[in-house]
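> Sequence and predicted structure, then a few things I'm wondering about:
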Amino acid sequence: QVQLVESGGGLAQAGGSLRLSCAVSGRTFVNYAMGWFRQAPGKEREFVAAINWSGSSTYYTDSVKGRFTISRGNAKNTVYLQMNSLNLEDTAVYYCASNTRSDSLQNGVVGSWGQGTQVTVSS
(Lines give C-alpha, C1' and ligand atoms only; values in the text may rest on other atoms or scores of the structure.)
Protein backbone atom coordinates (compact mmCIF):
# COMPACT_ATOMS: atom_id res chain seq x y z
CA GLN A 1 0.00 0.00 0.00
CA VAL A 2 1.49 3.32 -1.08
CA GLN A 3 1.93 6.03 1.54
CA LEU A 4 2.83 9.68 1.03
CA VAL A 5 3.71 11.48 4.25
CA GLU A 6 4.31 15.22 4.25
CA SER A 7 6.30 17.16 6.81
CA GLY A 8 7.83 20.60 7.24
CA GLY A 9 4.75 22.77 7.34
CA GLY A 10 4.23 25.43 9.95
CA LEU A 11 4.18 29.16 10.53
CA ALA A 12 6.38 31.59 8.61
CA GLN A 13 6.52 35.34 8.28
CA ALA A 14 5.90 37.03 4.97
CA GLY A 15 9.16 37.06 3.05
CA GLY A 16 10.38 33.98 4.88
CA SER A 17 10.99 30.41 3.81
CA LEU A 18 9.82 26.88 4.52
CA ARG A 19 10.82 23.52 3.12
CA LEU A 20 8.28 20.76 2.74
CA SER A 21 9.18 17.10 2.43
CA CYS A 22 7.14 14.12 1.29
CA ALA A 23 8.37 10.62 2.05
CA VAL A 24 6.98 7.87 -0.16
CA SER A 25 6.77 4.20 0.69
CA GLY A 26 5.08 1.15 -0.76
CA ARG A 27 6.04 1.66 -4.39
CA THR A 28 9.02 2.06 -6.71
CA PHE A 29 9.60 5.77 -6.29
CA VAL A 30 11.51 6.34 -9.52
CA ASN A 31 8.59 5.07 -11.59
CA TYR A 32 6.45 8.06 -10.66
CA ALA A 33 6.28 11.77 -11.23
CA MET A 34 5.66 13.74 -8.05
CA GLY A 35 3.89 16.98 -7.35
CA TRP A 36 2.55 19.43 -4.82
CA PHE A 37 -0.94 20.88 -4.62
CA ARG A 38 -2.46 23.31 -2.15
CA GLN A 39 -5.88 24.24 -0.88
CA ALA A 40 -6.58 27.57 0.79
CA PRO A 41 -9.66 28.09 2.97
CA GLY A 42 -12.76 28.41 0.84
CA LYS A 43 -10.90 27.65 -2.38
CA GLU A 44 -10.45 24.64 -4.61
CA ARG A 45 -7.32 22.56 -4.48
CA GLU A 46 -4.80 23.82 -7.05
CA PHE A 47 -1.66 22.56 -8.72
CA VAL A 48 1.59 24.09 -7.43
CA ALA A 49 4.54 22.16 -8.85
CA ALA A 50 5.54 18.85 -10.43
CA ILE A 51 8.74 16.99 -11.21
CA ASN A 52 9.32 14.08 -13.55
CA TRP A 53 10.72 10.74 -12.45
CA SER A 54 14.36 11.66 -12.99
CA GLY A 55 14.20 15.22 -11.73
CA SER A 56 15.27 16.59 -15.12
CA SER A 57 12.00 18.47 -15.72
CA THR A 58 10.01 20.68 -13.38
CA TYR A 59 6.74 22.57 -13.75
CA TYR A 60 5.19 25.37 -11.70
CA THR A 61 2.02 27.36 -11.52
CA ASP A 62 2.67 30.98 -12.45
CA SER A 63 2.12 32.37 -8.95
CA VAL A 64 5.07 30.47 -7.47
CA LYS A 65 7.58 30.63 -10.35
CA GLY A 66 10.88 32.05 -9.16
CA ARG A 67 9.94 31.54 -5.50
CA PHE A 68 9.33 27.80 -5.10
CA THR A 69 11.60 24.93 -6.12
CA ILE A 70 10.58 21.30 -6.38
CA SER A 71 13.24 18.60 -6.19
CA ARG A 72 13.51 14.91 -5.43
CA GLY A 73 15.95 12.55 -3.83
CA ASN A 74 15.37 9.18 -5.44
CA ALA A 75 17.77 7.46 -3.07
CA LYS A 76 15.62 8.68 -0.17
CA ASN A 77 12.23 8.22 -1.83
CA THR A 78 11.49 11.83 -0.97
CA VAL A 79 10.24 14.90 -2.83
CA TYR A 80 10.81 18.42 -1.56
CA LEU A 81 9.27 21.84 -2.02
CA GLN A 82 11.51 24.76 -1.09
CA MET A 83 9.33 27.83 -0.62
CA ASN A 84 11.01 31.25 -0.52
CA SER A 85 9.65 34.79 -0.43
CA LEU A 86 6.44 33.53 1.09
CA ASN A 87 3.41 35.80 1.01
CA LEU A 88 0.00 35.71 2.66
CA GLU A 89 -1.57 34.12 -0.40
CA ASP A 90 0.63 31.03 0.08
CA THR A 91 -1.29 30.12 3.24
CA ALA A 92 -2.91 26.74 2.56
CA VAL A 93 -2.81 23.04 3.25
CA TYR A 94 -0.14 21.58 0.99
CA TYR A 95 -0.58 18.08 -0.40
CA CYS A 96 1.97 15.76 -1.91
CA ALA A 97 0.76 13.84 -4.95
CA SER A 98 1.97 11.24 -7.40
CA ASN A 99 1.13 9.89 -10.83
CA THR A 100 3.00 8.08 -13.55
CA ARG A 101 3.21 11.24 -15.68
CA SER A 102 4.05 14.82 -14.71
CA ASP A 103 1.67 16.25 -17.32
CA SER A 104 -1.15 14.34 -15.64
CA LEU A 105 -0.29 16.03 -12.35
CA GLN A 106 -0.32 19.44 -14.08
CA ASN A 107 -3.85 18.62 -15.24
CA GLY A 108 -4.94 17.65 -11.75
CA VAL A 109 -4.99 13.91 -12.38
CA VAL A 110 -3.54 12.32 -9.26
CA GLY A 111 -3.02 8.68 -8.43
CA SER A 112 -2.18 9.04 -4.75
CA TRP A 113 -2.39 11.85 -2.19
CA GLY A 114 -0.67 12.59 1.06
CA GLN A 115 -2.62 13.72 4.10
CA GLY A 116 -1.54 17.36 3.81
CA THR A 117 0.50 19.76 5.89
CA GLN A 118 -0.56 23.25 6.95
CA VAL A 119 1.47 26.28 5.87
CA THR A 120 0.51 29.59 7.45
CA VAL A 121 2.16 32.85 6.43
CA SER A 122 1.76 35.83 8.74
CA SER A 123 2.42 39.51 8.13
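Here it is on my side, so go on. These figures come from a predicted structure and were not determined experimentally. Numbers count the residues shown, from 1 in each chain.

> contacts, neighbours, all on C-alpha from now
Noted.

> Where does the nearest residue to residue 61 once chain neighbours are set aside fall, secondary structure wise?
Nearest residue to residue 61, sequence neighbours excluded (Cα to Cα, 6 or more residues apart in numbering): residue 48, at 5.3 Å. Residue 48 is part of strand 46-51 when elements are defined by DSSP states H and E.

> Can you list the strands that that strand pairs with?
strand 33-39 (antiparallel), strand 58-60 (antiparallel) (DSSP bridges).

> now what about that strand, what contacts it?
The contact list for strand 46-51, computed with Cα atoms under 8 Å, 6 or more residues apart in numbering, reads 33-39, 57-61, 64, 70-72, 102, 105-108.

> buried stuff in the helix-or-strand element of the chain with minimal mean pLDDT?
Lowest on mean pLDDT, DSSP states H and E among the helices and strands of the chain sits helix 102-106, with a mean of 94. Residues of helix 102-106 classed as buried: 102, 105, 106 (neighbour count, 16 or more other Cα atoms under 10 Å).

> quick revisit: winner for burial among the strands paired with strand 46-51?
strand 33-39 (a mean of 25; mean count of other Cα atoms under 10 Å).
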